[in-house]
Every structure is written in structure tokens, then in C-alpha cells.
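Visitor: Show me how the following folds:
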Amino acid sequence: MHLEADPDRLLPVDPRTRGIARELYERVAALPILSPHGHVDPRLLHDDAAFPDPTELLLRHDHYVTRLLHASGIPFNELAVPDRTGAAPTASARDAWRRFCENWHLFAGTASGYWLTHQFAELFGLDEQPDAANADALFDRIGAVLTLPSFRPRALFDRFGIEFLATTDDPLDDLGVHRALAADPAFRGRVAPTFRPDAYLDPDHPAFAANVERLAAWSGSAVDDYAGYLGALEARRAHFITNGAVSADHGVLQPLAVDLTASEASALYARAVRGELDAAEAMAFQGHMLLESARMSVEDGLVMTVHPGVLRNHSTATLERFGPDTGHDIPVRTGYAEALRPLLQRYGNAADFHLVLFAVDETAYSREIAPLAGFYPSVYIGAPWWFLDAPDAVLRFRAAVTETAGFYRGAGFVDDTRAFLSIPARHDMARRLDAAFLARLVAEGRLDEPAAHRIAHDLVDTLPRKVFKL
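Guide: Have a look, this model is predicted:
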């Protein structure tokens, strides 16, 4: 079967609106990529080593892909995903690729299928759909491309037009790789760390006790000293800022802020490090630390992003055997208006505080997030994320938030990916969909074309620069 990236993909079907959308898209298609939230390992760009094979690059580490194959009964070890013990036999890269190609039909209509099609056609020049018959030939063709100097990570970084790329980093990371990239005259572009403190703020996190012990040892404070704990977190944030960070990211289950007195928080913290909190107390402490994190952002200027609503590691058996980030994180309902009220009561109108709220619960966009962003100067609407970063969901998002908050309370697109090669595909998708949405408003007489062109540019470039202080 023929594989082609239609030049008008995702644009409206009717000719008049498609023509408007095409012109809007063409004006922004080549703008630089600003990626303020993602999970690419900075060592990829530091080491600049050739990608080893198609499976390692496109399959094994992409849980968007492996989860659907697993759902169809294909074991992870047949996809070259090793178990934690290393005892079970793991398929070779070529055999895993064959399993993927045999089941390519599973990705029809999915965002993953769309992004992979973009990569196959635009980056590798493939013109046929993967299947059982051509799996080996495609493996070899892609493998040959991976050996080219033009396909090294740094060359692709330039080719993709990435101007800014944020990584996600542990608070105690030395950030030496980021410093090396910043100091390397041969590397163009900006790679910034992101402060991700979840495992230091959530007493229910398996690594919480060990992490706060490490943090206390680094700062020289007693492990049960709450004031020392806060001071150490503030100092680590300062270290990140010195090394180029623009944001702190919080991947909480619920966007809950709890206002405790200093004595109440100190007592809970002392018991948390001893593992004595029940579930309600742990939630209260984590909620208080979300409030404290907002205070820190007001004081040090880091943009505060909140990515809530995902129940991590739903399958205990899979977690125990294959580890986290293996495709079984599942969305749950989230509420923002009441849960974040203590935070917004204190800081919602604070000067230069930027709070970006993401959701994987679509109902929250029009019900709570857009109305909050339509009043509080600090609140910005995060782009569709994770299970919602798909074509139809992105258009639903635009319809859900624009009539309440307009276009200028958004934060721009984020790709939220570990899959380096999918970054341009994801950003291109967002640009096409925004062009489609704007074109409909123009065709319906709700927006004139000059305004649509200005908004299209601002969604891609002006807004992310403003919101993330780039």
C-alpha cells in the first residue's frame, strides 16, 4: 500500500476554507520550533552518536506505540523491551521491527500513526506502508539513513529548526550536560533544564524518603528539618535557573493546593520522612508543597506548569516486570477551580507569576481552565497533552477554550515527547490544526484574514516566548 504525507493533511475539506487554511499554514510552517516541555535526554545532543537501529529509535522507547501493540497481545519482550531482571529472552531489533510492521494497521487513525507516517515519508523518504512483506526492506532502508552524518542528532536539531528545547530533570541533577552544550561553540540552539520535583514533594512516591535524605545531605540540614527542606529546594531551583531553566513542572495526580500553617507543614514533614503519614495526610502535604512551589515561582520567576490527572503505573505487574513509562499510565478526572483556589487566592494576581494548567480531562477545558485563564492574569491554558495531543482532540480543545478565553490566554504548543524524531511532526500537526480552526472562523465571517494571520504567528511564536519567558 502507498504511503504519502498529503501536503494538505489536516486542512479543511471544502475548497474555500482549505485555501484560507493553506495560506495560513504556509506562513508559519517554517517558523522555529519552540519546545518548552519535553523529555528528550540532553545526552542525545551532547554525545551526538548515530542512532543504532530503527527499533531503538522509533519503537522500543515510545510507549505511545508499544502500548497499542501490547493491547493486541504482543508481549513487550517481542518488541525489544527487556524486563528488569534481564532473564527473559528479548527479541532482536529486526524481529521486533517485524512485529511492528505486521501490525501497522493497528495505528490507523491514531496520533501515533499520523506522526510515524510523517517521519517515514518526510525524514526517510518511504513511499509504502509497513507490512509483513516489506519489514526487512524498511528496516534496512531506515538503517542505512541512520548511518549518514546528516542524521546525527545535532544535524537533525538544525534541520528541524529547533530554537529552544526544554528537558525534564531531577532537582539534584548537576546539569553538567546542559553546561557542556551551552559552552560548545559547535552546537547551535538552546537546551534548557526543567525543575521536576514530584519525587521530592509527594510522600507517597516510592523514592521520597531516599530523595529527601539526599537533598538534606546536599544542603547540610537535618533530614527532618522542614525549614532546611524548603531552603534546599529553593537553592536547587536557583541552580537550575543559573543553568538556563525557565520552568518548574509538577506532574501531580490532582491539581490540589492546601494552605497549611508553617507548624502544621513542619509536623507533617517530620512524620513524612519517617513514613508515618496516611493517604489523606500525604495528599495534604503534597498539596501544601504545590502552594509552596507557587510561592517559590513568584519569588524566583520560574514558570510553574502543572500536568495533572494521570494515574501512573496502572498495571502493577507491568511496573514490577518492565518498569515505569511502559504505556499503562491512565487519565483520571481532575478539578481545578476549587482545588487551586488557595493558590490563586494568594498568587493569582501576582505580577510576573505564570501558571500553565494542562489537562487530560477534556471536560475541564471549557468548565474550569478557560474561565480561570479568562480572569486570573497568572493563569495560562496548556496545550492538549498526552492522550489529547491528537488531531480531533486539538480541534475540540480550540473550540472549548477560545470562546471563553480567546487565543491569547494559551501557552503555545508543547510536544511532551521522548521521541526526538517526532518533534517536528507534532509541531507541524499543531500548526496545521490551528490554521484549519482559524480558516473556519474566517470563512464563517467571524474573523478577518489579517487577524487570522497575526494569530497564527502568535500561537506558534509570540505566545510561547511570552509565557515561558524565552
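
Visitor: Just give the closest residue to D202, not the sequence neighbours.
Guide: Residue nearest to D202 in three dimensions, not counting chain neighbours: Q286, with 4.8 Å by Cβ to Cβ, 6 or more residues apart in numbering. Where you see a C-beta, it was placed from the backbone N, CA and C, and this is true even at glycine.

Visitor: what's the offset of stretch 289-297 from the middle of its chain?
Guide: Centroid separation between stretch 289-297 and its chain, computed with Cα atoms, centre = their mean, to the nearest Å, is 21 Å.

Visitor: got the contact list for that stretch?
Guide: Residues from elsewhere that reach stretch 289-297 (Cβ atoms under 8 Å, 6 or more residues apart in numbering): 197, 201-202, 230, 233-234, 237, 248, 250, 252, 255-259, 265, 302-304, 306, 342-343, 346-347, 353-355.

Visitor: on that earlier part again, name the element the residue nearest to D202 belongs to?
Guide: helix 279-300 (DSSP states H and E).

Visitor: need the helices for the stretch 201-350 of the chain, in chain order.
Guide: Along the stretch 201-350 of the chain, counting by DSSP state H, counting those that start in this stretch, helices occupy 208-219, 226-242, 262-272, 279-300, 316-322, 341-347.

Visitor: packing partners for the last one?
Guide: Helices and strands touching helix 341-347, by 3 or more Cβ pairs under 8 Å, 6 or more residues apart in numbering; DSSP states H and E, are helix 279-300.

Visitor: List the buried residues of the helix it packs on.
Guide: Under the neighbour-count criterion of 16 or more other Cβ atoms under 10 Å, helix 279-300 has 282-298 buried.

Visitor: For the residue nearest to D202, give me the pLDDT.
Guide: With respect to pLDDT, Q286 scores 98.

Visitor: show me the residues around it that make contact.
Guide: 201-204, 252, 256.

Visitor: 10 Å instead, please
Guide: Shown in contact with Q286 (Cβ atoms under 10 Å, 6 or more residues apart in numbering): 198, 201-205, 208, 250, 252-254, 256-258, 268, 272, 277.

Visitor: Pull up the gap between D62 and W386, please.
Guide: Relative to W386, D62 is positioned 13 Å away (Cβ to Cβ, to the nearest Å).

Visitor: Identify the contacts common to those two.
Guide: By the contact definition Cβ under 10 Å, 6+ apart, D62 and W386 are jointly contacted by T417.

Visitor: more neighbours, these two?
Guide: D62 (20 against 17; other Cβ atoms under 10 Å).

Visitor: part of a helix, is H61?
Guide: No. Using DSSP: H, G, I helix; E, B strand; the rest coil, the secondary structure at H61 is coil, not a helix.

Visitor: What residue, apart from its backbone neighbours, is nearest it spatially?
Guide: R418 (6.0 Å).

Visitor: cool, and V258?
Guide: With Cβ to Cβ, 6+ apart as the criterion, V258 has its nearest non-adjacent residue at 3.3 Å, and that residue is G287.

Visitor: How about R341?
Guide: Closest to R341 by Cβ to Cβ, 6+ apart is A257, at 7.5 Å.

Visitor: In contact with the nearest residue to E102 once chain neighbours are set aside: list those residues for me.
Guide: Nearest residue to E102, sequence neighbours excluded (Cβ to Cβ, 6+ apart): A132, at 4.5 Å. A132 makes contacts with 98-99, 101-104, as judged by Cβ under 10 Å, 6+ apart.

Visitor: which residues in the stretch 351-470 of the chain form strands?
Guide: 355-357, 379-381 (DSSP state E, counting those that start in this stretch).

Visitor: go on, the stretch 51-200 of the chain?
Guide: Under DSSP E, counting those that start in this stretch, the stretch 51-200 of the chain gives strands at 162-166, 190-192.

Visitor: Can you tell me how far the spatially most central residue of the chain is from D140?
Guide: With distances taken as Cα atoms, centre = their mean, D416 lies nearest the centre of the chain, 2.0 Å away. According to Cβ to Cβ, D416 and D140 sit 31 Å apart.

Visitor: Distance of A144 relative to R67?
Guide: Counting by Cβ to Cβ, the gap from A144 to R67 is 29 Å.

Visitor: before we move on, back to that, what about the residue nearest to the centre of the chain, distance to P36?
Guide: Here D416 is placed at a distance of 10 Å from P36 (Cβ to Cβ).

Visitor: Give the intersection of the neighbour lists for these two.
Guide: Joint contacts of D416 and P36 (Cβ under 10 Å, 6+ apart) are A383.

Visitor: Can you say which of the helices of the stretch 201-350 of the chain is nearest to R333?
Guide: Closest to R333 of these is helix 279-300 (Cβ to Cβ; 15.5 Å).

Visitor: pretty sure T194 contacts M304?
Guide: No. Assessed by Cβ atoms under 10 Å, T194 is found out of contact with M304, at 11.1 Å.
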